[in-house]
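[1] next one to model:
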Amino acid sequence: MASCRRQLVILLGILAFCIATAHAFAPVEERADLAITRPGAERPPVWRQEGLRAEQHPEAALFEARAGSGWTYSWNAVNGTPHAVYGPGVDLSTGFLSGEAQAEDAARRFVDQHRDLLKVDPAQMKLVSVVNGLGKWGVIFQQEHDGIPVEDSFLRLLMTESGRLYYFGSDWHPAIGIATRPLLTVAEAGQFASRDVGFVAGRDLDEGGELLILPVPEGEGMGYRLVWRVRHRVEEPFAIWVSHVDAATGEVVWRYDDVCYANVVGTTAGDVEDYGYCYGEQDRRLPNMRVAVTGGNSGYSDLQGNYEITHSGTAPVTVTAQLDGRWINVNDQLDGDGTFTGTATPGVAFEIRWTDGWENDAARAIYLHGNRIHDAAKQYDPSWTSPDYRMSATANIASTCNAYWDGSTINFYRAGGGCGNTGQMGDVIYHEYAHGMTQWIYGNNPSDVGEGNSDTAALLLDRNSICGEGFYLDQCASGIRNAENTLIYPDDYQSGQIHFNGQFVSGFYWDSRQELVLIYGEEGVTDVLWPIWHFARRLIQPLSMPDQILAAFVTDDDDGNLNNGTPHYDAFCVGAT
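    Numbering: from 1, shown residues only. Okay, here's the model as predicted:
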């Protein structure tokens, strides 16, 4: 246990916050040359000091005088704040926290009592998240200076439902000293931002923007810039450019493409390639599909692909369906959207079966796998409503070697250029959908962890360490990345290579998964690991790879005391080392 704990402390101290300049599964060269790296991204990721015990920080010593000793600290060396503190726990409530308001109130009381340690002004705290899961409450605040959000400035607290706090961390900026009145309007900032990204008025979309404070490294410390963050959706070449424009000068100080690409890839039933074209077709139920009786009622198939539509009369009726349902609406740009039509006799089971005659392989696969990951997300977090909308999923886009998430839809390319059809690769579909999950949790797709978590979602569902299996046409023994790797952090870390670096996250979960399979078997391991992976993100919203790994331990804990281990401590130690 001690060895693994030391590894956690080392991991926590190595990587600074790093936000993506693009979310491409593989680089998209014509877009990459328009990106502008975030100020400070070239700085080695060593902003945090480790191993400083409470006696070296008077504020921490005062905290331990109140809460008891035995806490582990990770310090933000730039801000002087405790980035991550975890240990034996301290009771914030005398009773069960029964709702969001009570959890928030307990968190605010703790912050108010320890504002010197956290370096937080309670008046600047904006609540951004209160999440309940796995017997815990996660509360997250963001800093607002003069009512303006401060980028990446968060305060996180995790407590049991009985009110025992055992993890918290602050990345507050206590010394912001800039004018907060912009000299440029958001429209003027948008004009500066649109100049270099191929924006064409009347064709492309200006999505507006918001004012924020962007911390930027200055020497050994930190400076701040007031910026407008504006978005432009450009159709040729397709991209969604997010630009950070200095609100006084119009300089674009940071720009990235916010489209998340990936070079990969019911009764209602169908012949579907599961988990991809490398495996051939299997008989699979297709859930959540809308089925209509011509001139009558309509309904949806359930999770097992069974449907029942209210109807009066016994005469045969015409039923129709498309690869369209509650959660996934497939739009096929190659053959058009196929419509299944058949004749059913009321009271007699009628199978709607999707085959090549009704719709092509990619469209069928996208429908199956898109529904599968949606239903997994809801299985393990039923109260989470973010996934519950009719997501557009485009099949057979007239391009090759990629796929992407654009903020609300998933999109897949045809075969060609040496690449397979990405809509025929289940793990690519999971990867892109998981970018949506990350966006719903964070509000964006943080680099490294965004890509790593998309790969993790895929391996948890398809039980395969290879991501993008068969991406290179008919090369079914390989893919784009592999979670079964020997990468060592930070030795193998590559600055700016977000897809490569994501393998640290997926590698941690793959190695941990292999250990847990020995306990729970292949059929039971996902029921254990998915909730930990999912709620580690929802409860804490870790932004760096070391924080992501620590979050797994913190979320796995079952008694509000990390000093005595966690139920799956040994397995996660294997993943972390």
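[2] for this protein, which helix is longest?
    helix 498-540 (DSSP state H).
[3] quick one: that one to chain centroid distance?
    If you compare the mean C-alpha spot of helix 498-540 with that of the full chain, they lie 14 Å apart, counting by Cα atoms, centre = their mean, to the nearest Å.
[4] what segments of the stretch 51-200 of the chain are strands?
    Secondary structure of the stretch 51-200 of the chain by DSSP state E, counting those that start in this stretch: the strands cover 72-76, 81-91, 125-133, 136-145, 148-160, 164-170.
[5] quick one: the first one to strand 81-91, angle?
    With axes from the mean of the first three to the mean of the last three Cα atoms, to 10 degrees as the basis, strand 72-76 and strand 81-91 are set at 150 degrees to each other.
[6] which elements pack onto strand 72-76?
    helix 2-12, strand 48-50, strand 81-91 (3 or more Cβ pairs under 8 Å, 6 or more residues apart in numbering; DSSP states H and E). Bear in mind the C-beta positions are built from the backbone N, C-alpha and C, glycine included.
[7] just to be sure, Met437 is in a helix?
    Yes. Counting by DSSP: H, G, I helix; E, B strand; the rest coil, Met437 is found in a helix.
[8] leaving out chain neighbours, which residue sits closest to it?
    Ala377 (6.3 Å; Cβ to Cβ, 6 or more residues apart in numbering).
[9] least confident of the helices and strands packed on strand 72-76, on average?
    Out of the helices and strands packed on strand 72-76, helix 2-12 stands lowest, with a mean of 42 (criterion: mean pLDDT).
[10] for Ser386, what are phi and psi?
    Per-residue torsions, Ser386: phi -60, psi -40 (degrees, to the nearest 10).
[11] Arg372 contacts Leu461, doesn't it?
    Yes. Using Cβ atoms under 8 Å as the test, Arg372 is close enough to Leu461 to be in contact (6.6 Å).
[12] shared neighbours, the two?
    Overlap of the contact sets of Arg372 and Leu461 (by Cβ atoms under 8 Å, 6 or more residues apart in numbering) consists of Tyr430.
[13] what's the closest of the strands of the stretch 51-200 of the chain to Gly208?
    strand 148-160 (15.4 Å; Cβ to Cβ).
[14] tell me the helix or strand right after the longest helix of the chain.
    helix 545-556 (DSSP states H and E).
[15] report all helices and strands that the helix or strand following that following helix contacts.
    Sequence-wise, the next helix or strand downstream of helix 545-556 (DSSP H and E) is helix 569-576. Helices and strands touching helix 569-576, by 3+ Cβ pairs under 8 Å, 6+ apart, are helix 2-12, helix 498-540, helix 545-556.
[16] for helix 569-576, what is the distance to the chain centroid?
    Here the centre of helix 569-576 is set off from its chain's centre by 22 Å, with Cα atoms, centre = their mean.
[17] same check on stretch 484-492?
    Counting by Cα atoms, centre = their mean, stretch 484-492 comes out at 22 Å from the chain centroid.
[18] what residues are up against the residue nearest the centre of the chain?
    Note on the chain: the residue nearest the mean C-alpha position is Thr438, at 1.8 Å, using Cα atoms, centre = their mean. Residues near Thr438 by Cβ under 8 Å, 6+ apart: Asn445, Pro446, Val449, Gly450, Asn453, Ser454, Arg537.
[19] Arg538: neighbour count?
    Neighbour count of Arg538, defined by other Cβ atoms under 10 Å: 22.
[20] for it, list the residues it contacts.
    Arg538 neighbours (Cβ under 8 Å, 6+ apart): Ser129, Val131, Gly133, Gly138, Asp381, Trp384, Ile441.
[21] my understanding was that the third one contacts Phe535; is that so?
    Yes. Checked against Cβ under 8 Å, the pair Gly133 and Phe535 is within contact range at 4.2 Å.
[22] where do the strands of the stretch 301-450 of the chain begin and end?
    Under DSSP E, counting those that start in this stretch, the stretch 301-450 of the chain gives strands at 317-325, 328-332, 339-344, 352-354, 391-400, 403-405, 410-414.
[23] select, out of the ones you listed, the one closest to Pro174.
    Nearest of those (Cβ to Cβ): strand 403-405, 35.9 Å.
[24] residue ranges with poor pLDDT in this protein?
    When residues are selected by pLDDT under 70, those of the chain lie in 1-32, 42-55, 261-266, 312-313.
[25] which residues are in contact with Val139?
    Contacts for Val139 were tallied using Cβ under 8 Å, 6+ apart; they are Ala103, Glu104, Ala107, Leu127, Ser129, Val130, Arg156, Leu157, Leu158, Met159.
[26] chain neighbours aside, what residue packs nearest to it?
    Among residues not flanking Val139 along the chain, Ala107 sits closest, at 4.1 Å (Cβ to Cβ, 6+ apart).
[27] and the residue nearest to Met437, how far from Gly436?
    Shown here: Ala377 relative to Gly436, a distance of 9 Å by Cβ to Cβ, to the nearest Å.
[28] same deal with Leu334?
    From Leu334 over to Gly436 (counting by Cβ to Cβ), the distance is 23 Å.
[29] got it, and Gly89?
    Gly89 is 34 Å from Gly436, by Cβ to Cβ.
[30] repeat for Ala106
    31 Å.
[31] run a quick neighbour tally on the residue nearest to Ala67 when sequence neighbours are not counted.
    Spatial nearest neighbour of Ala67, chain neighbours left out: Val90 (4.1 Å); criterion: Cβ to Cβ, 6+ apart. By other Cβ under 10 Å, the residues close to Val90 number 20.
[32] now whichever strand or helix holds Asp283: buried residues?
    Taking DSSP H and E as the criterion, Asp283 maps to strand 281-285. Neighbour counts over strand 281-285 (16 or more other Cβ atoms under 10 Å) mark Glu281, Arg284, Arg285 as buried.
[33] which strand residues bridge the second one?
    Here Arg284 sits in beta bridges with Gly270, as judged by DSSP bridges.
[34] surely it is in contact with Tyr367?
    No. Arg284 is beyond contact range of Tyr367, at 10.0 Å (criterion: Cβ under 8 Å).
[35] got any residues that touch both of these two?
    Shared contacts of Arg284 and Tyr367 (Cβ under 8 Å, 6+ apart): Gly270.
[36] which residues does Ser74 form beta bridges with?
    Glu50, Ala84.
[37] report how many residues lie close to it.
    Neighbours around Ser74, by other Cβ under 10 Å: 24.
[38] same deal with Gly80?
    Gly80 has 15 neighbouring residues, counting by other Cβ under 10 Å.
[39] nothing else from me, thank you.
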